[in-house]
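Enquirer: Mind looking at a prediction? Sequence and model below.
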Number of protein chains: 2
Amino acid sequence: MERTEISEIGGEFALIDRIAAATNTTLPETIKGIGDDAAVIDSGEFYTVISTDMLLEGVHFDLSYVPLKHLGYKAVAVNVSDIAAMNAVPKQITVSIALSNRIPVEAIDELYDGIRSACEAYSIDLVGGDTTNSRSGLVISVTAIGTVAKDRVTYRSGAKPNDVLCVTGSLGAAYLGLQVLEREKQVFLADPNMQPQLDKHEYVVGKQLKPEARTDIIYDFIEGGIVPTSMIDISDGLASEVLHLCKASGVGIRVFEENVPVENPAMLTATEFNLNPITVALNGGEDYELLMTISQEDFEKVKNLSEITPIGFVTEEKGAFLVLNSGQLTPIKAQGWEHFDAESK
Amino acid sequence: MERTEISEIGGEFALIDRIAAATNTTLPETIKGIGDDAAVIDSGEFYTVISTDMLLEGVHFDLSYVPLKHLGYKAVAVNVSDIAAMNAVPKQITVSIALSNRIPVEAIDELYDGIRSACEAYSIDLVGGDTTNSRSGLVISVTAIGTVAKDRVTYRSGAKPNDVLCVTGSLGAAYLGLQVLEREKQVFLADPNMQPQLDKHEYVVGKQLKPEARTDIIYDFIEGGIVPTSMIDISDGLASEVLHLCKASGVGIRVFEENVPVENPAMLTATEFNLNPITVALNGGEDYELLMTISQEDFEKVKNLSEITPIGFVTEEKGAFLVLNSGQLTPIKAQGWEHFDAESK
């Protein structure tokens, strides 16, 4: 048998493309298969959307500084975020866990407290799952189900020239929170008597440990009669998601450096780590904000929503560029997380 | 923090009961949450059912004798089986995989060949999933979605006194196939020049490596206008599933030893391993046949279906008993697989 490494074909996204290319859908009920934030199924009166994510100890989380309750909450939030990215309302989740039989029941209770707390926050029901033994670390697999009116579903592929590129909230903080946690872990490992210094970094650490899915925006859109032309959630960094929208929609995008929203506490932490805040926003990941394109017509209504910032526009000419404060253009490249990198996430 | 072992509270099923007891559902669309083969969601014109399973290398499968193509097929089939157990027709699946970045692309292709082959066999679409890195072995998480007419959905909880207990196909072969594979693995490990002797055991090994979900029976039921009063799929062994039906329905069940279907090749392999075929059928697991209760009225129609065997009946008096060939009664106890046992599955 030949042996081709995943890195040789181009990593995780190339692998997904390879799987998608070899997969056909045949049922009339299957509206959208692999290739968006969620699959879309025709349920007659509306569309059902479904998304799934798997989180592994040592790859996606480090139990030495992630409390189990936060982990449970985050596992739900990141899946709800994928449902929101389809402009859909989340309804139910299933949660499967694999765990060592040495993990105490009290720890499992903590994890499920976080899961149930997220269910309450997003008004969704935990309806099923699987529990099994793991010979290595903790594995959590969440599937989220949502619904959306057929004329409101939003794909990655609908961006049109002259649409306004907008983002919710602000970017970069979750990645910086991870840097703080990793640094304090190293300090602690070097000297277990040292207490972690997290109080100065509460904001960024909070964004890392307890991100929120932007379902609030989806309800705002329903109320305001707004349907984005395309949308994606920011899990791998702004750069990676801009490229996804460009590729799926067959368009180009320009992002203005000066408009990319980064909060002050994130700015300060970036400075402390000698990192450029814009680079962090572009490549950090795990913000779980929504990136979308809005038609000029709908943009008049979006302007009134305080949580949404216009950061660029869609061009007919292909290519994704950052418009620097100097006015120069620089190509946007995906340097975001790929889970087949050796780096932990 | 207190430390209670999972085994102290009673293992996997007790853990699921604990999670279920602490979980409420609040949405009117959520018809059935944790506690059956699949969750049930109201989609307006029909019910959508959803089920999920996670399979881990070293716990659920051994890549030293399970071909990846078969593994992919089986991962889909066992989830489709859960959909069938709700009397529903499977429609879509999502598949998430975590794998070492040392696994070659060719091996991933093999796995997905098996997944796609199962999709074709069951007329379902692969619509999404997640791919990620694993620091240990292969993890596969499958979620299956199906639909069922609202008046046809079948729970574990509907069994009524005097209903006929029926099972599809035959039992015990999958467990015996596993014994053969484990034996040949030990022979091979002791002397790598020895070739595995599987030809004599093709039937039982086939049942272990490539089980089929009984969706054929679901279509037969639709055609015949038959709705079982309760149903469950046999993943952990007949004994365990009989106890689930008793508990969920608040009834008792008697199973006639002489009626439990075991095929000749399974009988022969059981003899070779000095195992009682009935014990294997009761406790072996992984048969993925359907166990159901049928009303006296519907039983007249079921009689004509060759793939269904009546093996017992439902009693008002609680308790599950095996009626031995001698006429004596012996209580049915769950000795089936629990994934928190140290045993591999």
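Expert: Done, it's in.

Enquirer: Of all residues in chain A, which one is nearest the centre?
Expert: For chain A, residue A:235 is the residue whose C-alpha lies nearest the centre (CA atoms, centre = their mean; 2.6 Å).

Enquirer: can you pull the pLDDT of residue A:175?
Expert: At residue A:175, the model reports a pLDDT of 96.

Enquirer: Buried residues of stretch A:190-199, list them for me.
Expert: residue A:198 (16 or more other CB atoms under 10 Å in any protein chain shown). Using the backbone N, CA and C atoms, a C-beta is placed for each residue, glycine as well.

Enquirer: and if you look at stretch A:306-325?
Expert: Going by 16+ other CB under 10 Å, stretch A:306-325 has these buried residues: A:308-309, A:311-315, A:320-323.

Enquirer: One more: stretch A:255-264?
Expert: Buried residues in stretch A:255-264, counted by 16+ other CB under 10 Å: A:255, A:257, A:260-263.

Enquirer: One more: stretch A:143-157?
Expert: A:143-148, A:152-157.

Enquirer: Of all pairs in the buried residues of stretch A:306-325, which one is the farthest apart?
Expert: Of all pairs drawn from the buried residues of stretch A:306-325, the widest gap by CB to CB lies between A:308 and A:321 and measures 21.7 Å.

Enquirer: can you pull the contacts of residue A:176?
Expert: Each residue near residue A:176 by CB atoms under 8 Å, 6 or more residues apart in numbering or on different chains is listed here: A:201, A:204, A:207-208, A:266, A:269-270, A:273, A:275, A:280, A:284.

Enquirer: quick one: it is in a helix?
Expert: Yes - looking at residue A:176 with DSSP: H, G, I helix; E, B strand; the rest coil, it is inside a helix.

Enquirer: Quick check: residue A:289 touching residue A:233?
Expert: Yes - if you go by CB atoms under 8 Å, residue A:289 and residue A:233 touch, sitting 7.2 Å apart.

Enquirer: Tell me the pLDDT of the one residue in the stretch 151-300 of chain A that gets nearest to chain B.
Expert: Per CB to the nearest CB, residue A:235 is where the stretch 151-300 of chain A lies closest to chain B, at 10.8 Å. Note on residue A:235: pLDDT of 94.

Enquirer: wait, what's in contact with it?
Expert: With CB under 8 Å, 6+ apart, residue A:235 has these contacts: A:78, A:81, A:241, A:285-288.

Enquirer: Looking at these, which are in helices?
Expert: A:78, A:81, A:241 (DSSP state H).

Enquirer: picking that back up, between the buried residues of stretch A:306-325, which is nearest chain B?
Expert: Nearest to chain B among these, with distances taken as CB to the nearest CB, is residue A:320, at 23.6 Å.

Enquirer: sec struct for the closest one, please.
Expert: Applying three-state DSSP to residue A:320 yields a three-state assignment of strand.

Enquirer: I'd like the average pLDDT over stretch A:118-127.
Expert: 98.

Enquirer: Now do it: everything it contacts.
Expert: A:72-77, A:80, A:90-95, A:115-116, A:144, A:212-213, A:215, B:23, B:25-27, B:30, B:32-34, B:39, B:41, B:50.

Enquirer: Now do the buried residues in that stretch.
Expert: Neighbour-count burial for stretch A:118-127 [16+ other CB under 10 Å]: A:118-119, A:122, A:124-127.

Enquirer: In terms of helices and strands, where is residue A:220?
Expert: Under the criterion of DSSP states H and E, residue A:220 resides in helix A:215-224.

Enquirer: Output the contacting helices and strands for that helix.
Expert: Packing partners of helix A:215-224 (3 or more CB pairs under 8 Å, 6 or more residues apart in numbering or on different chains; DSSP states H and E): helix A:68-84, strand A:89-99.

Enquirer: For that helix, C-alpha coordinates in PDB please.
Expert: Extracted in PDB, the C-alpha atoms of helix A:215-224 (Å, rounded to 0.1, in the frame of the first residue of the first chain):
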ATOM      1  CA  THR A 215     -27.100  33.400  18.800                       C
ATOM      2  CA  ASP A 216     -28.100  36.900  20.000                       C
ATOM      3  CA  ILE A 217     -27.300  38.200  16.500                       C
ATOM      4  CA  ILE A 218     -29.400  35.500  14.800                       C
ATOM      5  CA  TYR A 219     -32.500  36.700  16.900                       C
ATOM      6  CA  ASP A 220     -31.600  40.300  16.000                       C
ATOM      7  CA  PHE A 221     -31.600  39.400  12.300                       C
ATOM      8  CA  ILE A 222     -35.000  37.600  12.600                       C
ATOM      9  CA  GLU A 223     -36.400  40.700  14.300                       C
ATOM     10  CA  GLY A 224     -34.800  43.100  11.800                       C
END
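
Enquirer: Buried residues, that helix. List them.
Expert: Quick answer for helix A:215-224 (16+ other CB under 10 Å): A:215, A:217-218, A:220-221.

Enquirer: did I read that right, residue A:49 in a strand?
Expert: Yes - assessed with three-state DSSP, residue A:49 lies in a strand.

Enquirer: mind checking how far residue A:168 is from residue A:289?
Expert: Look at residue A:168 and residue A:289: by CB to CB, to the nearest Å, they are 5 Å apart.

Enquirer: Output the set of residues of the stretch 101-250 of chain A in proximity to chain B.
Expert: A:101-109, A:112, A:116, A:123-137, A:139, A:141, A:143, A:145, A:147 (CB under 8 Å from any CB of the partner chain).

Enquirer: ok, of those residues, which come out buried?
Expert: A:101, A:103, A:105, A:107-108, A:112, A:116, A:124-134, A:136-137, A:139, A:141, A:143, A:145, A:147.

Enquirer: picking that back up, quick check on the residue of the stretch 151-300 of chain A closest to chain B: phi, psi?
Expert: phi -100, psi -30 (degrees, to the nearest 10).

Enquirer: who are the neighbours in contact with residue A:44?
Expert: B:43-46.

Enquirer: ugh, typo on my part, it should be residue A:259
Expert: Per CB under 8 Å, 6+ apart, neighbours of residue A:259: A:309-312.

Enquirer: Which ones among those residues lie within strands?
Expert: Applying DSSP state E to the contacts of residue A:259, the entries found in strands are A:309-312.

Enquirer: Can you point out the buried residues in the one helix or strand residue A:182 maps to?
Expert: Applying DSSP H and E as the criterion places residue A:182 in helix A:173-190. Going by neighbour count (16+ other CB under 10 Å), the buried part of helix A:173-190 is A:173-181, A:184.

Enquirer: Next SSE downstream of it?
Expert: Past helix A:173-190, the next helix or strand by DSSP H and E is helix A:202-209.

Enquirer: hang on, the earlier thing: got any residues that touch both of residue A:289 and residue A:233?
Expert: Residues touching both residue A:289 and residue A:233 (CB under 8 Å, 6+ apart): residue A:214.

Enquirer: Quick check, residue A:155 in contact with residue A:248.
Expert: Yes - here residue A:155 reaches residue A:248: they are 7.1 Å apart, a contact under CB under 8 Å.

Enquirer: tell me, what's touching those two both at once?
Expert: A:36, A:230.

Enquirer: wait, is residue A:167 part of a strand?
Expert: Yes - membership of residue A:167 in a strand is supported by three-state DSSP.

Enquirer: Tell me, how many residues neighbour it?
Expert: 26 (other CB atoms under 10 Å in any protein chain shown).

Enquirer: which residues does it contact?
Expert: Contacts of residue A:167 by CB under 8 Å, 6+ apart are A:234, A:238, A:260-261, A:289-292, A:308-309, A:311.

Enquirer: got the contacts of residue A:176 as TSV, with neighbour count and pLDDT columns?
Expert: Conversion of those to TSV gives the following (neighbours: other CB atoms under 10 Å in any protein chain shown; pLDDT from 0 to 100):
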residue	neighbour count	pLDDT
A:201	24	92
A:204	26	95
A:207	26	94
A:208	24	94
A:266	27	96
A:269	25	96
A:270	24	96
A:273	13	95
A:275	18	95
A:280	26	95
A:284	30	92
